[in-house]
Each structure stands twice: as structure tokens, then as C-alpha cells.
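1. Build the 3D model from these lines:
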Amino acid sequence: MVALSDFQRIGVGLVGFGLFFILFGVLLYFDSVLLAFGNILFLSGLVFIIGFKRTFTFFFQRPKLKGTSFFFGGLVIVLMKWPLLGMLLETYGFITLFRSFFPVAFGFLGWLPNIPVLSKLLQKVGESSSMV
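-> Residues are numbered from 1 along each chain as shown. Just a heads-up that it's a prediction; the model follows:
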């Protein structure tokens, strides 16, 4: 088990609440206030979990600038009360930013023993080592 500091525990809570508010905002037909609040909580939780400097260096690496610009551009557009367009831009930016993490996550989910049919499907998706 990984030991978390108090700041990291707060960050996990903030990220969880942020994801909850984003999901709830989408379920309520893209309510811009809930989406904006969820985005702010998610980003602040990320800062609490990995630290300000590492968060800044993650988002502003040269190969990730395209994803970062779409993600933060979508955030700004959500804050300007255009939630559908903003969430589309944020989704594209999120996929572009975390593209290299998806095979690792799918590989981890494939090892879950309680879901036999889903585990085989996720193992196939997780084996894809394409970096494109």
C-alpha cells in the first residue's frame, strides 16, 4: 500500500469531488457552473497530489503543449458559459495529454480477477504499444 501524505489525501479528495462535479454537470445537460467547479477542483487536486512544480512541468512539456492548450482553452470556454464546446475541447486535450498513460491503465484494469470477460477485452486494448 502506498503511503500518502496529508496533502496528497486532500488532493485525492479534491480530484474525486472534481470528477463527481464534472460527471454531475454532464448529466444535468452540461451545466456550466458544475463543470467549471469540477474542473477547478480537479486541477487543484492534481496540484495537491503531485505538487505545483511537477504539475507545471507535466502540462508545459514541449510535446504536450497541444493537449495543454486544448485542455485549458476548453476550461476557459466552459468558464465563459459555452459548456458543450468547452467540454469537447477539454476532452480532446485530456486524451492528447494522457495518451501515453492509457495503455498502462488498461493493462492494470485487465488484471482485475472479478471481471473475466472484461479483463480479456482490456488486456487486448492494453497491449497496444502505439505511441501515436
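
2. in the protein, which residue is closest to the centre?
-> Closest to where the C-alpha atoms of the chain average out (Cα atoms, centre = their mean) is residue 94, at 6.1 Å.

3. I'd assumed residue 68 was in contact with it.
-> No. The pair residue 94 / residue 68 is not scored as a contact, 10.3 Å apart, by Cβ atoms under 8 Å. The way it works is simple: take the backbone N, C-alpha and C, and place the C-beta from them, glycine included.

4. ok, back up a step: check the secondary structure at the residue nearest to the centre of the chain for me.
-> helix (DSSP: H, G, I helix; E, B strand; the rest coil).

5. Okay, residue 4 and residue 40: tell me how far apart.
-> 22 Å (Cβ to Cβ, to the nearest Å).

6. more crowded one of the two?
-> A direct count of neighbours by other Cβ atoms under 10 Å for residue 4 and residue 40 places residue 40 higher, at 15 against 12.

7. distance of the more buried one from residue 76?
-> Counting by Cβ to Cβ - residue 40 and residue 76 are separated by 12 Å.

8. Over to residue 27?
-> 23 Å.

9. now swap in residue 106 and tell me
-> Residue 106 is 31 Å from residue 76, by Cβ to Cβ.

10. can you check residue 7 too?
-> Taking Cβ to Cβ, one finds residue 7 at 27 Å from residue 76.

11. try residue 10
-> For residue 10, the distance to residue 76 - Cβ to Cβ - is 26 Å.

12. Kind regards, and thank you for your time.
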